[in-house]
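> Kindly return the folded structure for what I paste below:
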Amino acid sequence: MRQFKKHHSPTESAVLLAREMGISLVGEARGNSLKVFTHPERLGCLAG
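Here you go, the predicted model:
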């Protein structure tokens, strides 16, 4: 699985593209927490 690291929040267009392509977009991964922007169900996360 390819991973890309970035230190900023994704742009709105990146979120929309990830949503359309069925890609889980994750940001702000720190310790035991992450912020999932698209398709949290693919990672076993609860949407909320």
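
> ok, Ala29 - contacts?
By Cβ atoms under 8 Å, 6 or more residues apart in numbering, the contact list for Ala29 reads Lys35. Placement of C-beta: from N, CA and C, glycine included.

> my read is it is in a helix, agree?
No. Under DSSP: H, G, I helix; E, B strand; the rest coil, Ala29 falls outside any helix and is assigned strand.

> so how far is Ala14 from it?
16 Å (Cβ to Cβ, to the nearest Å).

> Report the buried residues of the helix or strand bottoming out on mean pLDDT in the chain.
Counting by mean pLDDT, DSSP states H and E, the chain has its least confident helix or strand at strand 25-30, which shows a mean of 82. By 16 or more other Cβ atoms under 10 Å, the buried positions in strand 25-30 come out as 25-27.

> Make CSV out of those residues and add distance to His39.
Listed next are the buried residues of strand 25-30 as CSV, based on distance: Cβ to Cβ, whole Å:
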residue, distance to His39
Leu25, 8
Val26, 10
Gly27, 13
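
> which one of those residues is nearest Pro40?
Val26 (9.0 Å; Cβ to Cβ).

> what's the closest one in contact with, if anything?
Shown in contact with Val26 (Cβ under 8 Å, 6+ apart): 34-37, 43.
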